[in-house]
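Colleague: Any chance you can model this:
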Amino acid sequence: QVQLVESGGGSVQAGGSLRLSCAASSFPYSRYCMAWVRQAPGKERERIATLNNDGRTNYADSVKGRFTITRDAVKNTLYLQMNSLRPEDTAMYYCASTGSRTTCPSEGVGDWGQGTQVTVSS
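Modeller: Numbering: from 1, shown residues only. Okay, here's the model as predicted:
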């Protein structure tokens, strides 16, 4: 099991930027899919960005063009650069991973961190 710890959340005004980090205690997988998932109050979890070991990324329409997912393999750290933030981006942000290139994290699937809160004010 991979232990994931998110950081970098906080409060920002609309239009601002934040970079989230997700540090893995160890990462034994050569094939993987990592993801950022968010959950706003009263809403279901939304997977917003994925990255697999091929370097392929996917984004939800809600963040496409504004958010960028990257990974530093040396540091075992996943990042989410968030630009042009909007109040509707306010949520708890989680990182998650699986040991499969084709199966990305979803509810009940994969290892998950505890989350970091992002609040965007108008």
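
Colleague: quick one: the spatially most central residue of the chain from Ser122, how far?
Modeller: Taking C-alpha atoms, centre = their mean, the centroid of the chain lies closest to Trp36, which sits 2.1 Å from it. Look at Trp36 and Ser122: by C-beta to C-beta, to the nearest Å, they are 23 Å apart. For every residue, glycine as well, the C-beta is placed using N, CA and C.

Colleague: hang on, the earlier thing: does the residue nearest to the centre of the chain lie in a helix or a strand, and which?
Modeller: Assigned by DSSP states H and E, Trp36 belongs to strand 33-39.

Colleague: and Glu88, that one's in a helix?
Modeller: Yes - under DSSP: H, G, I helix; E, B strand; the rest coil, Glu88 sits within a helix.

Colleague: how close does it get to Ala40?
Modeller: 8 Å.

Colleague: more neighbours, those two?
Modeller: Ala40 (14 against 11; other C-beta atoms under 10 Å).

Colleague: Sketch out the strands for the chain, chain order is fine.
Modeller: 4-7, 10-13, 18-24, 33-39, 46-52, 57-59, 67-72, 77-82, 91-98, 111-112, 116-121 (DSSP state E).

Colleague: Between strand 77-82 and the fourth one, find me the angle.
Modeller: Spelled out, it's strand 33-39. 50 degrees (axes from the mean of the first three to the mean of the last three C-alpha atoms, to 10 degrees).

Colleague: okay, strand 33-39 in CSV with CA atoms only?
Modeller: What follows is strand 33-39, C-alpha atoms only, in CSV (Å, rounded to 0.1, in the frame of the first residue of the first chain):
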residue,chain,number,x,y,z
CYS,A,33,-2.2,5.7,-12.9
MET,A,34,-2.2,8.7,-10.5
ALA,A,35,-5.0,11.1,-10.1
TRP,A,36,-6.3,14.2,-8.4
VAL,A,37,-9.9,14.0,-7.2
ARG,A,38,-11.9,16.7,-5.6
GLN,A,39,-15.0,16.8,-3.5
